[in-house]
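Enquirer: sharing a model that was predicted from the sequence below.
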2 protein chains.
Amino acid sequence: MQSDYLNALLKKPVSRTPIWVMRQAGRYLPEYRAVRKRAGDFMSLCKNPELACEVTMQPLERFDLDAAILFSDILTIPDAMGLGLYFSEGEGPKFTNPLRSAADIEKLPTDVNNDLSYVFDAVGAIKTALDKRLPLIGFSGSPWTLATYMLEGGSSKTFSNTKKMLLNEPQTLHLLLDKLALSVAAYLRQQVLSGADSLMIFDTWGGVLSKQNYLDFSLNYMAKIVKILKAEQAQIPITLFSKNGGKHLPQIADTLCDGVGIDWTIELSEAQAQIGDRLAIQGNLDPAVMYAKPPIIEAEVKKILSQFTGKTGHIFNLGHGINPDVPPENMQVLVEAVHKFSLK
Amino acid sequence: MQSDYLNALLKKPVSRTPIWVMRQAGRYLPEYRAVRKRAGDFMSLCKNPELACEVTMQPLERFDLDAAILFSDILTIPDAMGLGLYFSEGEGPKFTNPLRSAADIEKLPTDVNNDLSYVFDAVGAIKTALDKRLPLIGFSGSPWTLATYMLEGGSSKTFSNTKKMLLNEPQTLHLLLDKLALSVAAYLRQQVLSGADSLMIFDTWGGVLSKQNYLDFSLNYMAKIVKILKAEQAQIPITLFSKNGGKHLPQIADTLCDGVGIDWTIELSEAQAQIGDRLAIQGNLDPAVMYAKPPIIEAEVKKILSQFTGKTGHIFNLGHGINPDVPPENMQVLVEAVHKFSLK
């Protein structure tokens, strides 16, 4: 498969800057909302490989995107571990059985792939549907991010439980993170065996930590996963994305990963100055720009493209998932602008 | 008044590192919760100068803090402008009449001090109660932060309305920010005339902007306020605090402010490396450390104190307000540790 996305990630020549968009299969698309309604709730959609495949393909039919990304959730692993993931309207993810003690953590299994076959089936179905036209990105949440949800029981502003454990019982938290790292590695390995061409680890909450804590409790475990996977399948490209992690790029680049995601709070030029040509950079349009009028979207795209020096190694994306109230027409404007203004 | 807090802010010699804590008068104190209950709702408490004075004084009776801070809210100005501020339990601040159009913005007044006399009365009452024992910090929200609440109608994750205006109608947003800068300057001036010894501008949401947007839409207007105030009262010390603004410190230092607040996502040593001795630094313990056991709180305090080189210019604080579920005993541990380990 000739792919600008994979080539950019591996720093090989590209015909133009590739683009995919976080949550490109999502609520901003009316056809997604229709399938979501049919499925019932969000997790029923994730757990139905046929429907997960259908929504994965939807944005590719509308827009000239350079990669597909598996439709799933970052919290499938804790769900498979028995925590009972559910989504209550407007409140984000919740667990019916959050972790309450060190004993809960000791009991957790480290490989839950048996209960995640719906994900691997979805990967297989998408792979068939793609018919080698585009590469498929598999993904997981990072151990730190999974741990916060598992300990808080859902989203949090203060991460009290997790940080309390980090401070008062760091060894217990390390045990949890280590188990999660092994689970994530097994999960991503099976996604690759099922057909994923590239992998991403989303570290949504790494940015709430101080530098040292980020290195010890978040990056450390992502690095471990990358190391495990690269030892087995050296060629699989892996991208790490810590939201609000712009200050940690040199350390992220020291892992064996191939690409790093950045959000809009760091300039692309500064990111490149920090890590040079060592790995690919994915990002970094402010998702809010997608609310702007087309000429403004185009101007912002040009601004970002012009910041990147070098012939390859940039994968265009938003700095966070596309918002549900963005007009789909603006996605068209975005994708076309990236391609048009970056033709080599 | 001999004050380590004011001296540190002005880079004069101190006997030990001063400390105050954001939201030091707040829900973690049972005596605060009692007064809050008596007052009815949160805004009734803010609008009652006698009770606002009472809760301002509460933490000073328990702990050896180095400054008092006016008990109030960052959103008093939009409330006085007629937007109708209220707090719904667990949801944060809301406005009954958020700004909906450019016409709404054009109609806004620029000096609403007449409707803020309850704040100035509270400042006067606290000043009397303090009896020159400790300095009093007055404050306001930053224009950018106020604008986000006024345009979104409350808290936001995506700041869609505000960013939409930033992109599609930047001049309308600049008009709003300019009006707010004038209002904030008038408001802070009157706080000083009523007795405030120092001022803080809280820029809670500056960190959600890209670098250039931060400079143009947030820092620019804080700088304007500082300039207005310094032209009139050169000696009043002013501290700017942009949450998640660690990457903008050199630009913040280029304003005429005296101190900069930092959160825990930047190391104090790095902040100092960036701005040198040019101004005082306030921060930066992760509020989550307040959940830890006393020896861990002490160790974290030592870590921060040891990062600061130089004999003065550091004001200890958390990197964000103290959380409501922190045991008050831990505040005692914190304050004592800062003083004990920093004795000159």
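Expert: Nice, I can see it. This one's a predicted model, so the numbers in the text were calculated from it and none came from an experiment.
Enquirer: center of chain A, which residue is that?
Expert: Nearest residue to the geometric centre of chain A (CA atoms, centre = their mean): A:Phe202, 4.0 Å.
Enquirer: name the element that residue belongs to?
Expert: Assigned by DSSP states H and E, A:Phe202 belongs to strand A:198-203.
Enquirer: what does A:Ala223 give?
Expert: Using DSSP H and E, A:Ala223 falls in helix A:220-232.
Enquirer: kindly report the same for A:Ile77.
Expert: Using DSSP H and E, A:Ile77 falls in helix A:76-78.
Enquirer: verify the stated contact: A:Leu209 with A:Asn220.
Expert: No. In this structure A:Leu209 lies outside contact range of A:Asn220 using CB atoms under 8 Å: 11.3 Å. Every residue, glycine included, has its C-beta placed from N, CA and C.
Enquirer: any residue of the longest helix along chain A touching chain B?
Expert: Counting by DSSP state H, the longest helix found in chain A is helix A:170-194. No. Against chain B, helix A:170-194 shows no contacts by CB under 8 Å from any CB of the partner chain, the least distance being 9.7 Å.
Enquirer: buried residues in that helix?
Expert: By neighbour count on 16 or more other CB atoms under 10 Å in any protein chain shown, the buried set for helix A:170-194 is A:172-174, A:176-177, A:179-192, A:194.
Enquirer: what's the answer for stretch A:126-142, then?
Expert: Neighbour counts over stretch A:126-142 (16+ other CB under 10 Å) mark A:Ile126, A:Lys127, A:Leu130, A:Leu134, A:Pro135, A:Leu136, A:Ile137, A:Gly138, A:Phe139, A:Ser140, A:Gly141, A:Ser142 as buried.
Enquirer: just checking, what packs against the helix holding A:Ile77?
Expert: Counting contacts by 3 or more CB pairs under 8 Å, 6 or more residues apart in numbering or on different chains; DSSP states H and E, helix A:76-78 packs against strand A:136-141, helix A:143-152, helix A:170-194.
Enquirer: now do the helix or strand hosting A:His339, average pLDDT.
Expert: Per DSSP H and E, A:His339 falls inside helix A:328-341. When pLDDT is averaged along helix A:328-341, the result is 98.
Enquirer: check stretch A:204-219 too.
Expert: On average, stretch A:204-219 scores 97.
Enquirer: centre of the chain to that stretch, how far?
Expert: 17 Å (CA atoms, centre = their mean, to the nearest Å).
Enquirer: dump the C-alpha coordinates for it into PDB.
Expert: C-alpha atoms of stretch A:204-219 as PDB (Å, rounded to 0.1, in the frame of the first residue of the first chain):
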ATOM      1  CA  THR A 204      -5.500  12.300  27.600                       C
ATOM      2  CA  TRP A 205      -4.400  13.100  31.200                       C
ATOM      3  CA  GLY A 206      -0.600  13.000  31.200                       C
ATOM      4  CA  GLY A 207      -0.700  16.800  31.100                       C
ATOM      5  CA  VAL A 208      -2.100  17.200  34.600                       C
ATOM      6  CA  LEU A 209       1.100  15.900  36.100                       C
ATOM      7  CA  SER A 210       4.300  17.700  37.100                       C
ATOM      8  CA  LYS A 211       7.400  16.900  34.900                       C
ATOM      9  CA  GLN A 212       8.800  14.200  37.200                       C
ATOM     10  CA  ASN A 213       5.500  12.600  37.800                       C
ATOM     11  CA  TYR A 214       4.800  12.600  34.100                       C
ATOM     12  CA  LEU A 215       8.000  10.800  33.400                       C
ATOM     13  CA  ASP A 216       7.600   8.300  36.200                       C
ATOM     14  CA  PHE A 217       3.900   7.500  36.000                       C
ATOM     15  CA  SER A 218       2.900   8.200  32.400                       C
ATOM     16  CA  LEU A 219       5.700   8.300  29.900                       C
END
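Enquirer: residues in contact with it?
Expert: Identification of contacts with stretch A:204-219 by CB atoms under 8 Å, 6 or more residues apart in numbering or on different chains yields A:74, A:141-145, A:148, A:159, A:166, A:173-174, A:177, A:203, A:240, A:242-245, A:247-248, A:251-252, A:255, B:264-267, B:286.
Enquirer: once you drop chain neighbours, what's closest to A:Leu285?
Expert: The shortest distance from A:Leu285 to any non-neighbouring residue, by CB to CB, 6 or more residues apart in numbering or on different chains, is to A:Leu318 (5.0 Å).
Enquirer: same thing with A:Leu268?
Expert: Leaving out its chain neighbours, the residue that sits closest to A:Leu268 by CB to CB, 6+ apart is A:Gln307, at 4.3 Å.
Enquirer: residues contacting the one you found?
Expert: A:Glu267, A:Leu268, A:Ser269, A:Gln272.
Enquirer: report how many residues lie close to the first one.
Expert: A:Glu267 is surrounded by 19 other residues when neighbours are defined as other CB atoms under 10 Å in any protein chain shown.
Enquirer: swap in the third one?
Expert: Around A:Ser269 there are 14 other residues, counting by other CB under 10 Å.
Enquirer: CA atoms of the one helix or strand it maps to as CSV?
Expert: Counting by DSSP H and E, the element that carries A:Ser269 is helix A:268-275. What follows is helix A:268-275 as a C-alpha-only set of coordinates in CSV (Å, rounded to 0.1, in the frame of the first residue of the first chain):
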residue,chain,number,x,y,z
LEU,A,268,4.5,23.3,15.5
SER,A,269,7.7,25.2,14.8
GLU,A,270,8.7,25.0,18.4
ALA,A,271,7.9,21.3,18.6
GLN,A,272,10.1,20.7,15.6
ALA,A,273,12.9,22.9,17.1
GLN,A,274,12.7,20.7,20.2
ILE,A,275,12.9,17.3,18.6
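Enquirer: test my guess that A:Leu146 contacts A:Leu180.
Expert: Yes. The pair A:Leu146 / A:Leu180 is scored as a contact, 5.2 Å apart, by CB under 8 Å.
Enquirer: can you pull the residues that touch both of those two?
Expert: Common neighbours of A:Leu146 and A:Leu180 (criterion: CB under 8 Å, 6+ apart): A:Ile77.
Enquirer: can you give me the pLDDT of the closest residue to A:Ala292 other than its chain neighbours?
Expert: Leaving out its chain neighbours, the residue that sits closest to A:Ala292 by CB to CB, 6+ apart is B:Leu167, at 3.8 Å. We have a pLDDT of 96 for B:Leu167.
Enquirer: ok, now A:Gly92?
Expert: On the pLDDT scale, A:Gly92 gets 88.
Enquirer: so what's A:Thr110 up against?
Expert: A:Thr110 neighbours (CB under 8 Å, 6+ apart): A:Lys179, A:Leu182, A:Ser183, A:Ala186.
Enquirer: next: A:Thr96.
Expert: Going by CB under 8 Å, 6+ apart, A:Thr96 touches A:Leu83, A:Gly84, A:Tyr86.
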